[in-house]
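Engineer: For reference, the sequence and a predicted model appear below.
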Amino acid sequence: MTVQLVEPTIPSRRFHTTATPTLFDLGLSENPFPPLPSVLAAVTSVLTQANRYPEFLPEELPRVIADHLGVSPDDVVVGAGATGVAMQVIRTLGSGELLTSTPTFDGYPIMAEMAGMTLVPIPLDPGGNQDLAAMRRSVNRRTSLAVLCRPHNPTGTVLDAAAVRSFLAAIPHRVPVLLDEAYVEFLDPADRLDIHTLLHRHPNLLILRTFSKAYGLAGLRIGYCVGRGKLIERIRHQQLPFGTPTASIAAVRAAYAAGTELRDRVDHINRERDLLRMTLRACGIEVPRSHANFLYLPGPGVATALRRAGIKAKAYPDGSARITVGDPAAGHAVHAALADLR
């Protein structure tokens with residue numbers, strides 16, 4: 001399945017249009033809440049120094065993140081959201097083949113093309129899970145990078161921890177593996193991986209995370225990658241000078257300090273997600289269980305029904321859609337739009 005972006009309808013300035021106005025924009029898996037008050041205050045306090053350049057190469061932000069994770073600052077590379085850091089990874093590895101499941105995050109096909117990599121898409125299995133066996137079989141001497149998403153985007157499914165460990169053990173150490181954990185904060189604690197053990201055992205492993213989703217800081221573009229040894233050192237060489245705003249440091253410090261409030265918000269989003277999934281399944285839509293802040297709604301006809309109801313979603317060629325969750329009003333609108341679809 002090929003990922004397809006859905007562009008908003010722009011009314012013509014000359015001709016009358018009957019296009020349905022967008023009532024809810026659920027297409028980008030954004031956090032429905034604004035940043036936490038303490039984070040807003042922290043960011044606002046440093047804007048008085050916005051006339052000053054940030055660090056030439058970031059040192060403080062990697063140190064803050066490393067202290068929180070319990071790793072060395074040398075193991076952390078930061079950038080403009082998870083997408084920016086992933087681009088640093090891909091540019092570091094140069095040409096060759098990039099293995100990833102399909103459908104997946106739109107950025108991977110785009111970044112592979114930008115870097116001159118050949119994309120090798122591996123179809124999901126019928127349950128919406130990444131097919132690790134097929135991915136292993138696709139590894140060859142031309143493979144430059146293999147990408148796993150946990151939870152997966154767009155289905156929200158989660159690879160079994162033992163399956164991830166087996167996959168990493170079977171992949172040659174010369175092949176870097178990028179474990180995309182953009183939605184890790186929405187996982188139950190029991191489902192989270194022990195990144196310290198994995199990084200110790202697999203020098204080819206890179207773990208990618210972001211402050212855009214659970215933390216609600218998508219507009220500040222803060223992402224990071226954790227790895228070890230020469231691989232993460234090579235990626236650091238792709239660091240853009242002056243590329244990490246000072247406000248990012250203040251935002252991350254405050255976000256970490258507000259851990260209890262963050263968990264409350266994540267719990268709320270997860271409850272709304274599960275409630276909406278239950279109501280949609282009662283309508284006959286086979287929504288897979290999600291472990292992220294979105295739901296994948298299998299087609300056909302779902303994307304069209306949502307669009308006609310004024311709900312912008314991430315649409316796919318077979319009529320399926322992915323929608324952001326967490327806003328009860330938007331959830332009610334989705335249910336109303338799809339109640340009679342099946």
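Structural biologist: Alright, I've got the coordinates.
Engineer: What is the neighbour count of residue 304?
Structural biologist: By other Cβ atoms under 10 Å, 15 other residues sit near residue 304. (Each C-beta comes from the backbone N, C-alpha and C, glycine too.)
Engineer: scratch that, residue 337
Structural biologist: 21.
Engineer: Can you list the neighbours in contact with the helix or strand where it lies?
Structural biologist: When elements are assigned from DSSP states H and E, residue 337 belongs to helix 328-338. Residues from elsewhere that reach helix 328-338 (Cβ atoms under 8 Å, 6 or more residues apart in numbering): 23-24, 26, 32, 272, 275-276, 279-280, 283, 285, 297, 302, 305-306, 308-311, 323-325.
Engineer: Of those, which belong to strands?
Structural biologist: 24, 297, 311, 323-324 (DSSP state E).
Engineer: Helices along this protein, start to end?
Structural biologist: 37-46, 60-69, 81-93, 107-115, 132-138, 161-170, 195-201, 229-236, 246-257, 259-282, 302-308, 328-338 (DSSP state H).
Engineer: List the residues that contact residue 237.
Structural biologist: Per Cβ under 8 Å, 6+ apart, neighbours of residue 237: residue 92.
Engineer: I'd like the distance between it and residue 73.
Structural biologist: For residue 237, the distance to residue 73 (Cβ to Cβ, to the nearest Å) stands at 16 Å.
Engineer: how many other residues sit next to residue 187?
Structural biologist: 18.
Engineer: and the closest residue to residue 286 other than its chain neighbours, how many residues sit next to it?
Structural biologist: The shortest distance from residue 286 to any non-neighbouring residue, by Cβ to Cβ, 6 or more residues apart in numbering, is to residue 298 (5.7 Å). Residues lying near residue 298 (other Cβ under 10 Å) number 17.
Engineer: ditto for residue 195
Structural biologist: Neighbour tally, residue 195, other Cβ under 10 Å: 18.
Engineer: Does it touch residue 225 like I think?
Structural biologist: No - contact status for residue 195 versus residue 225: not in contact, 11.6 Å apart, counting by Cβ atoms under 8 Å.
Engineer: Who are the contact partners of the closest residue to residue 198 other than its chain neighbours?
Structural biologist: Nearest non-adjacent residue to residue 198, counting by Cβ to Cβ, 6+ apart: residue 205, 5.8 Å away. Going by Cβ under 8 Å, 6+ apart, residue 205 touches 168, 176-177, 179, 198-199, 227-228.
Engineer: Tell me the buried residues in stretch 311-319?
Structural biologist: 311-316, 318 (16 or more other Cβ atoms under 10 Å).
Engineer: Mutual contacts of residue 195 and residue 225, please.
Structural biologist: Going by Cβ under 8 Å, 6+ apart, residues that sit against residue 195 and also against residue 225 are residue 207.
Engineer: out of the contacts of helix 328-338, which are buried?
Structural biologist: Taking 16+ other Cβ under 10 Å as the criterion, what is buried in the contacts of helix 328-338 is 24, 26, 32, 272, 276, 279-280, 285, 297, 302, 305-306, 311, 323-325.
Engineer: Between those residues, which sits nearest residue 255?
Structural biologist: Of all the buried ones among the contacts of helix 328-338, residue 255 sits closest to residue 32, with 16.8 Å by Cβ to Cβ.
Engineer: right, and that closest one touches residue 294 too?
Structural biologist: No - judged on Cβ under 8 Å, residue 32 makes no contact with residue 294 at a distance of 11.2 Å.
Engineer: list the residues that contact both of these two?
Structural biologist: residue 324.
Engineer: Could you tell me how many residues sit around residue 34?
Structural biologist: Neighbour tally, residue 34, other Cβ under 10 Å: 9.
Engineer: Okay, it and residue 43: tell me how far apart.
Structural biologist: From residue 34 across to residue 43, the span is 11 Å (Cβ to Cβ).
Engineer: what's the answer for residue 86, then?
Structural biologist: From residue 86 across to residue 43, the span is 24 Å (Cβ to Cβ).
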